[in-house]
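Asker: build the 3D model from these lines:
(2 chains, ligands or ions: 4)
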Amino acid sequence: MTQSVVVQVGQCGNQVGCRFWDLALREHAHVNKKGLYDEALSSFFRNVDSRKSDGRACGIGGRIQHLKARAVLVDMEEGVVKEILQGPLREVFDSTQLLTDVSGSGNNWAVGYVTYGSAYREQIVDKLRKAAEHCDCLQCFFLIHSMGGGTGSGLGTRVLNLLEEEFPEVCRIVTSIYPSAEDDVITSPYNSVLAMKELTEHADCVLPVENQSLVDIVNKIKHMSHGGKPGSTIKTNCTVISGQGGLTGAEKPFDAMNNIVANLLLNMTSSARFDGSLNMDLNEIAMNLVPFPRLHYLVPSLTPLYTLADVSVPTRRLDQMFSDAFSKDHQLIRADPKHSLYLACALMVRGQVQVSDLRRNIERLKPSLPFVSWNQEGWKTGLCSVPPVGHSHSLLALANNTCVKPTFMELRERFTKLYKKKAHLHHYLHVEGMEQSCFSEAISSLSSLIEEYHSLDATKGKLMPDAPRLSIAR
Amino acid sequence: MSVVTVQLGQCGNQVGQELFDVLCSDEGHRTTYRAASCERFFHQNTHGDLRARAVLIDMEPKVINQSMTKAAKSGRWRYGDTSYFSQKQGSGNNWANGYCVHGPRHREVVEELVRREVECCDRLAGLMAMMSVAGGTGSGVGTYVTQCLRDIYPKAFILNHLTWPYGTGEVIVQNYNSVLTLAHLYQLSDAILVHENDTVHRICSQLLNIKHISFSDVNRVIAHQLGSVLQPALTADSYGVYSRNPLGEMVSALACHPEYKLLSVFTIPQMPSSSIAYSTFSWPGLLKHLRQMLISNSKMEEGIDWQVHPPTSSEKTRSLTGANFNTSVANLLILRGKDVYSAETGGFEDPALYTSWLSSAEAFNLWKSPVLFNKYEKSATLVSNSQALLRPLDNMVGKAWNMFASRAYIHQYIKFGISEEDFLDSFTSLEQVISSYSQM
Ligand SMILES: Nc1nc2c(ncn2[C@@H]2O[C@H](COP(=O)(O)OP(=O)(O)O)[C@@H](O)[C@H]2O)c(=O)[nH]1
Ligand SMILES: Nc1nc2c(ncn2[C@@H]2O[C@H](COP(=O)(O)OP(=O)(O)O)[C@@H](O)[C@H]2O)c(=O)[nH]1
Ligand SMILES: [Mg+2]
Ligand SMILES: [Mg+2]
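Answerer: Numbering: from 1, shown residues only, chains lettered A, B, ... in the order given. Ligands and ions are numbered 1, 2, ... in the order given. So this is what the prediction gives:
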């Protein structure tokens, strides 16, 4: 078994991260009835005997003593982390896993990336190394952050660089929360575009999530659970926005949205944590879904979003789950994969689903989904036998699809609007070590990324002839 | 003489386990048959316990644990307690990771394990490496290990048993991994015996009526077919004594030319085990079907195209022969069960079935055993070196080549030390194989 380390940076990163840890604990408590520290738990948790002064971990198979998250928490203000340390999750983190400052990044990427990045470099590397040393076979880093602020965006992408430098062989999967158009952070387009360049160059995979999509999904579920059609009552504790059964009590703003992202991470890592008849290792994700190094943005969609109270026609519902994964309103960014071009697609299924169900649904859906000419059979599948809490089955689809392009173009437009007026630019240029060239390089990196998707898009629907085969001299 | 099996990766370790299970449970009442089979595949200690002559290799622990446990639970046989090597993290569906990183890193341990197993054999008949071609460990490490074995045992027969992937759905880079594996093995191996998952899957659903087909259903079919090839049999010139070297004799019967090494298996009958007891078969009926399965290239006796026929001598000038006729380089027919000595096999000696450059006497070989195999009263298996794999191979290479034309995924391989040049070499050598098989 391998282990992974979660690195959560900034307000958003830490708030999403905490929802992940809460729901991960809930899930393991649900499955692990014996109270023994097993391989499944070990992938994201250490088991520490607090009586031993050195806090040494106990091995697999022993009783659960104290579970400690394999995590590093970084924030440049104290508020969020302090709250975590006073809340029900405080037991899960050690002070040695935390790094905070008091003054924040002022929603300025440069402050996060340049200023704090240089000041805290050694300390961050030190904490990452500690976390890595606790692993017997470290497979993956999961970075969680927002794009729009300063700490997550700036320092978060600096951490990404450090991970690449220090652990070049360990896979880096980044979950990035993109700001909505009406974001309250005025400089969010700058921060996002500056961060994008780093993500494009240094991540193995990026899972983009748009806050607007999360809001839409939350509203839809709330609407359904208030006056839905008769007979379609939603079980309120069986939705992807619910945290019921977790340690945390009262819900904070963002909690519902963050639970969706937490579920995304739970489902993506389920195959690495539990058994299944078709395991999908974390290192298989990039290998199968990333045909070109820069085009590693994987659009996630989650189904089902909720479970209906009445249980009927299971097969149809199972097939519905597969259909939904490709519909617009289940995507975690505002995008329409069906009407764009697939480069590759992974289906990560949990629960009582058979290989034959997978094959049937792929065959059924394939004709309506445009795939790039050289990857007509670009499907990767994983089956994990343990379903999420409250569901009988679930599906996470990860689509490498040109439908990310509009999101990136919109971001570029918002950036350009500010940049033309040089609005707020001086806040960035005042930061020592920050150059105006960073802006032009970042925007041209984004533009060429858009162009790469664009030229693939242009092949859509065209009948591409097979490449002429090598001829053999006889 | 004994065969040492090396199981690699998830598929290799799962198929291998089913194979030993069939070999061991295929009792046979005759003690000489039993003894010959045992000597071949198992090591027997003083208490009579059977230990498979096998080495298990994987880059992650789960599958090996499962296979060892299953074997031990059977109560009939087990794997050696120290005959395995596993690591913690798989090869991530990347042939280059297996071939360039994991293989070399663990070379010594693996060679030592095999050497120990070989030393337990009075005489070594050969080595059989089992793996899939689509993943990373079986394909990449498997290729590397085959290369090491070729160096250490230059004279031993080496057979690779390969599982070819389903057309869709499991590994996106499967055609790359397959191309790299096949191209390399073609230089190393004496013969390459292939099972295609799609084909075996169809056997499970249409002949065995299995509803929810699992890998272990598929593997049991593969194991049955392989077992019927590998169990003791009497060859034409063995004068009533079981042949000593199944691998060597198979290779010399079938793989007489370095351009032609791809073997596929046709077996008849195959049915749900509950129906076996109620069915009787006649040799003429079985062999008539099997012959048509061969020439129409159908792995199942159901839905055979009876229209396909061998070209008449005037059609022999190639282009005229029906596009669906499957021409053979060589065939090995293995008959097991009741009344084998009365079976009439002349239909397989027809020169029209073969290329012009081998006489049918050289191209056709027959093994027989009067012992019932795996509960079937009569069972016929044909190992064929023919055009049967031409189309799937051509498909595989074509898809990989299309992908390569846009250089998709190549960076993932370059990262581990494989260059575009290496890809091109592999494509070239497989195009050569395709061309050889299609111009027969
Ligand atoms: N989904 C989600 N978005 C958040 C959360 N907190 C802040 N954001 C968004 O993140 C952006 C601001 O970044 P923030 O994480 O607060 O800044 P930082 O602390 O400097 O990294 C804005 O787009 C916010 O809407 C959260 O808990 N969940
Ligand atoms: N017939 C069969 N095929 C398998 C089995 N396990 C995996 N495969 C096939 O093997 C390929 C994946 O390779 P796998 O052996 O899992 O990868 P590895 O562990 O890295 O060598 C796919 O084509 C699967 O269809 C099995 O038990 N039986
Ligand atoms: Mg904030
Ligand atoms: Mg596998």
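
Asker: from here on, contacts and neighbour counts on C-alpha atoms
Answerer: OK.

Asker: shaky segments in the chain?
Answerer: Just going to use chain A. For chain A, the stretches with pLDDT under 70 are A:52-56, A:227-232, A:250, A:308-315, A:474.

Asker: nope, chain B
Answerer: Those would be B:27-30, B:313-323, if you go by pLDDT under 70 across chain B.

Asker: what about B:L56, how many residues close to it?
Answerer: Residues near B:L56, counting by other C-alpha atoms under 10 Å in any protein chain shown, number 29.

Asker: ok, A:R51 next?
Answerer: A:R51, neighbours per other C-alpha under 10 Å, totals 9.

Asker: could you do A:P253 as well?
Answerer: 7.

Asker: before we move on, what about B:I414?
Answerer: Neighbours around B:I414, by other C-alpha under 10 Å: 14.

Asker: next one: the one 10 residues further on
Answerer: Neighbours of B:L424 under the rule other C-alpha under 10 Å: 15.

Asker: helices or strands up against the helix or strand in which A:Y428 is found?
Answerer: Here A:Y428 sits within helix A:425-429, counting by DSSP states H and E. Here helix A:425-429 touches no other helix or strand, going by 3 or more C-alpha pairs under 8 Å, 6 or more residues apart in numbering or on different chains; DSSP states H and E.

Asker: residue of the stretch 301-440 of chain B nearest ligand 2, please.
Answerer: Nearest residue of the stretch 301-440 of chain B to ligand 2: B:M396, at 12.3 Å (C-alpha to the nearest ligand atom).

Asker: quick one, what contacts that residue?
Answerer: By C-alpha atoms under 8 Å, 6 or more residues apart in numbering or on different chains, the contact list for B:M396 reads B:N175, B:S178, B:V179.

Asker: how near is it to ligand 1?
Answerer: 44 Å (C-alpha to the nearest ligand atom, to the nearest Å).

Asker: one more: A:S447?
Answerer: 22 Å.

Asker: for B:E18, same thing?
Answerer: For B:E18, the distance to ligand 1 (C-alpha to the nearest ligand atom) stands at 50 Å.

Asker: residues in contact with that residue?
Answerer: B:S216, B:N219, B:R220, B:A223.

Asker: residues from chain A in reach of chain B?
Answerer: A:1-2, A:137, A:139, A:281-284, A:287-293, A:344, A:354-356, A:359, A:374-375, A:377-382, A:466-467, A:469-472 (C-alpha under 8 Å from any C-alpha of the partner chain).

Asker: and those residues, which of them are in helices?
Answerer: Of these, the ones assigned to helices by DSSP state H are A:N283, A:E284, A:M287, A:N288, A:L289, A:V355, A:S356, A:R359.

Asker: report the buried members of the residues you listed.
Answerer: Buried members of these, scored by 16 or more other C-alpha atoms under 10 Å in any protein chain shown, are A:N283, A:E284, A:M287, A:N288, A:L289, A:V355.

Asker: just give the closest residue to B:A253, not the sequence neighbours.
Answerer: In space, and not counting its chain neighbours, B:A253 is closest to B:N365: 6.4 Å by C-alpha to C-alpha, 6 or more residues apart in numbering or on different chains.

Asker: and for B:G16?
Answerer: Using C-alpha to C-alpha, 6+ apart, the closest residue to B:G16 is B:Q7 (6.2 Å).

Asker: give me the secondary structure label for that neighbour.
Answerer: Put simply, B:Q7 is strand when judged by DSSP: H, G, I helix; E, B strand; the rest coil.

Asker: now do B:T280
Answerer: Applying three-state DSSP: B:T280 is coil.

Asker: can you pull the contacts of the residue nearest to it when sequence neighbours are not counted?
Answerer: Excluding the flanking residues, the one nearest B:T280 by C-alpha to C-alpha, 6+ apart is B:E377, at 7.5 Å. Counting by C-alpha under 8 Å, 6+ apart, B:E377 touches B:T280, B:F281, B:G337, B:K338.

Asker: just checking, A:E284 touches B:W95?
Answerer: No. In this structure, A:E284 is not within contact of B:W95 by C-alpha atoms under 8 Å, at 11.9 Å.

Asker: circling back to that earlier point, in a strand, the residue nearest to B:A253, correct?
Answerer: Yes. The assignment for B:N365, made by three-state DSSP, places it in a strand.

Asker: give me phi/psi at A:S146?
Answerer: Torsion angles at A:S146 (phi, psi; degrees, to the nearest 10) stand at phi -100, psi 160.

Asker: okay, and the beta partners of the residue lying closest to it once chain neighbours are set aside?
Answerer: Excluding its sequence neighbours, the residue lying closest to A:S146 (C-alpha to C-alpha, 6+ apart) is A:I177, at 4.4 Å. In this entry, A:I177 is beta-bridged to A:S146, A:V209, by DSSP bridges.

Asker: re the thing from before, what comes up buried for the helix holding A:Y428?
Answerer: For helix A:425-429, by 16+ other C-alpha under 10 Å, it's A:Y428.

Asker: chain center to that helix: distance?
Answerer: Centroid separation for helix A:425-429 versus its chain: 30 Å, with C-alpha atoms, centre = their mean, to the nearest Å.

Asker: packing partners for the next helix or strand after it?
Answerer: Toward the C-terminus, helix A:425-429 is succeeded by helix A:436-457 as the next helix or strand (DSSP H and E). Secondary-structure packing of helix A:436-457 (3+ C-alpha pairs under 8 Å, 6+ apart): helix A:188-202, helix A:405-420.

Asker: does the first one come close to ligand 1?
Answerer: In this case it means helix A:188-202. No. Remark: helix A:188-202 sits outside contact range of ligand 1, by C-alpha under 6 Å from any ligand atom, the gap being at least 6.9 Å.

Asker: mind listing what's buried in the helix or strand that B:L247 is a member of?
Answerer: In this structure, B:L247 sits in helix B:246-254 according to DSSP H and E. For helix B:246-254, the neighbour count (16+ other C-alpha under 10 Å) marks B:P246, B:L247, B:G248, B:E249, B:M250, B:V251, B:A253, B:L254 as buried.

Asker: residue 220: which element?
Answerer: I'll assume chain A. helix A:211-225.

Asker: actually, chain B is the one I wanted.
Answerer: Per DSSP H and E, the secondary structure element for B:R220 is helix B:215-230.

Asker: how close does the residue lying closest to B:Q44 once chain neighbours are set aside get to B:L332?
Answerer: Leaving aside its sequence neighbours, B:Q44 sits nearest to B:L50 (C-alpha to C-alpha, 6+ apart; 4.8 Å). According to C-alpha to C-alpha, to the nearest Å, B:L50 stands 30 Å off from B:L332.
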